[in-house]
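1. just a sequence and a predicted model for now, questions to come.
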Amino acid sequence: MTTGEDAPRSAPVAADRDVVPARAPMLEMIGVTKRFPGVLANDNVDFDVLPGEVHTLLGENGAGKSTLMKVLYGIYPPDEGQVRLDGRPVSISKPSDAIALGIGMVHQHFMLVQTLTVAENVALGIDSWHTVFTDLDAVSERIVELGERYGLRVNPEDEVWKLAVGERQRVEILKALFRDAHLLILDEPTAVLTPSEVDELFATLRQMTADGRGIVFISHKLREVLAISDRISVLRGGRMVGRADPKTAGREDLARLMVGRDVKLAPDKDTARPAEVLLDVADIDVRNDRGVLSMQGFSMQARAGEILGIAGVSGNGQRILAEAIAGLRPVEGGSITIAGIDVTNASPRQIRDTGFAYVPEERMRDGAVAEFTVAENLTLVDHRTGAYSNHGFLRLRSIDRHASRLIAEYAVKTPSNDTLVSTLSGGNIQKMILARELSTDPRVILAAQPTRGVDVGAAEYIHQRLIERRDAGAAIVVISEDLDEVMGLADRILVLYEAKVAGIVDAAVADRTQIGLLMAGSTTTDQGET
């Protein structure tokens, strides 16, 4: 069986001639090429979607998946190639054209107006003469209905800036469902769902395909890709390198196609040797963005030489907890101690000085400055030290040498030290942030969603770096909504539900069903260690 260019011979993939569909495609992208300065993002790509199928698009960060879909959605014009819908050429120069043609897209990086409510965001872009749709009460009712049906519950009256990351992604999904798109592009749609909610969403997607709708599914969760896909196409370096049959392919095969080499999907790690408590969160009370005391009497500990994984559905207190520990949210009761030093309500700088490192949940909002260069971002937290400044003037050569060392050490793919961070792929931005935070040799590391939206190759690298720091004696807390990540990386797993500890289990004996039930608030499962 033949493959695309450079695809591994052992992977269960098919050449294009073997997968020509019997039905006429509803979407055809033919010879699509898209260039940016210094980057060939899509190189003569062919892609199609049949009515009634889920066609998954796989690839590493920077492989060209999002660019290809943004061409389809009218965000980028193609430099070459053609788009056909139902057999006829179409010109899509802006997203409103795509929406009018029945194409919906759920973006990985949210396209929401922070100061508007959920209902107002969903109503945006709908023609004003559709009075039934621009009546916000009617919109809110429909949002509630869709939320209940698809397990994507969110308050229509909440302003978007108050929502957690996962809740914002739910709004994006609801926006597309609200418009009843015939062709739906889903970019990492399950990142914030429990296993049972993923099952419910997949059942809904199957209902949609049974009605003749087509779905483009983009995800790094290979287990889910194999479960939902009818066809799988793989991009690497902007080119289509192969197609895989989900009935016969395994996760290892897909990872090999994506990266071009064998990838360890579960990190290699020795048994943890936990020592003294380095992070002690004792009975803290914290308010959420609405001013409600949502976290009350919360306690947890992380020890030197261990990774404590925190699992839970987005919106159950993860962001509140992380910001309280990092000094970004006030604590109204209880205490937080790092390496024996009370840092309750201390400033972020004071907390960092205890040996604390923080990889935030939203890398582009809280972890990096998009308009700064890679070198500038790598010295953001240390630029005032004598190593990088002298009497208020930056020591540019020192900064450049420091950046070059970290870029090489952490395999950050960037054209130069002076490249703007906004032009990097998500995985490389994440590796850059990790390089900056770990370069200070911290004793306590808090990493929130460290591999969200990151391909398997970058995730493998990030996991290994965190394990190295654990083995060097750091206490590491990893907050993640990816069960595979938590179960593969953590030594202990703490499950959050409604900002409370639903249970703590030993990762060595953890069961996906057990963790999933705890994430959903079930009290009928054995909670293990408490």
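-> Arrived safely, thanks for sending. Numbering: from 1, shown residues only.

2. low-confidence ranges, the stretch 151-300 of the chain, go.
-> For the stretch 151-300 of the chain, applying pLDDT under 70 flags the ranges 164-166, 191-197.

3. helices of that one, residue ranges please.
-> For the stretch 151-300 of the chain, the helices defined by DSSP state H, counting those that start in this stretch occupy 165-178, 195-210, 222-228, 251-259.

4. to residue 478, which of the ones you listed lies closest?
-> Of all the helices of the stretch 151-300 of the chain, it is helix 165-178 that lies closest to residue 478, at 15.6 Å by CB to CB. Every C-beta, even on glycine, is put in place using the N, C-alpha and C of the backbone.

5. between the helices of the stretch 151-300 of the chain, which gets nearest to residue 54?
-> helix 222-228 (5.3 Å).

6. how is this protein divided into domains?
-> Domain segmentation of the chain under automatic domain parsing yields 1-102+213-258, 277-372+441-519.

7. need the least confident one among these, by mean pLDDT.
-> Out of those, domain 1-102+213-258 stands lowest, with a mean of 84 (criterion: mean pLDDT).

8. could the domains of the chain go into JSON lines alongside mean neighbour count?
-> JSON lines is the format used below for the domains of the chain (neighbours: other CB atoms under 10 Å):
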{"stretch": "domain 1-102+213-258", "mean neighbour count": "19"}
{"stretch": "domain 277-372+441-519", "mean neighbour count": "20"}
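
9. among those domains, which comes closest to residue 145?
-> Once the domains of the chain are compared by CB to CB, domain 1-102+213-258 is nearest, at 18.6 Å.

10. contacting residues around residue 448?
-> Contact partners of residue 448, counting by CB atoms under 8 Å, 6 or more residues apart in numbering, are 318-319, 322, 359-361, 479-480.

11. out of those residues, which are inside strands?
-> Of the contacts of residue 448, the ones assigned to strands by DSSP state E are 359, 479-480.

12. CSV for those, including distance to residue 135?
-> Converted to CSV, those look like this (distance: CB to CB, whole Å):
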residue, distance to residue 135
359, 43
479, 39
480, 39
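
13. picking up where we left off before, right, so of the domains of the chain, which gets closest to residue 416?
-> domain 1-102+213-258 (10.0 Å).

14. how far away from the center of its chain is the closest one?
-> Put simply, domain 1-102+213-258 sits 20 Å off its chain's centre (CA atoms, centre = their mean, to the nearest Å).

15. any idea which element residue 488 lies in?
-> Element membership for residue 488 (DSSP states H and E) is helix 483-489.

16. which other helices and strands contact that helix?
-> strand 306-311, helix 456-471, strand 475-480, helix 512-519 (3 or more CB pairs under 8 Å, 6 or more residues apart in numbering; DSSP states H and E).

17. out of these, which is closest to residue 188?
-> helix 456-471 (12.9 Å).

18. for the closest residue in space to residue 487 that isn't next to it in sequence, grab phi and psi.
-> Leaving out its chain neighbours, the residue that sits closest to residue 487 by CB to CB, 6 or more residues apart in numbering is residue 510, at 5.5 Å. When read as degrees, to the nearest 10, the backbone of residue 510 gives phi -70, psi 150.

19. that concludes my questions; thank you for your assistance.
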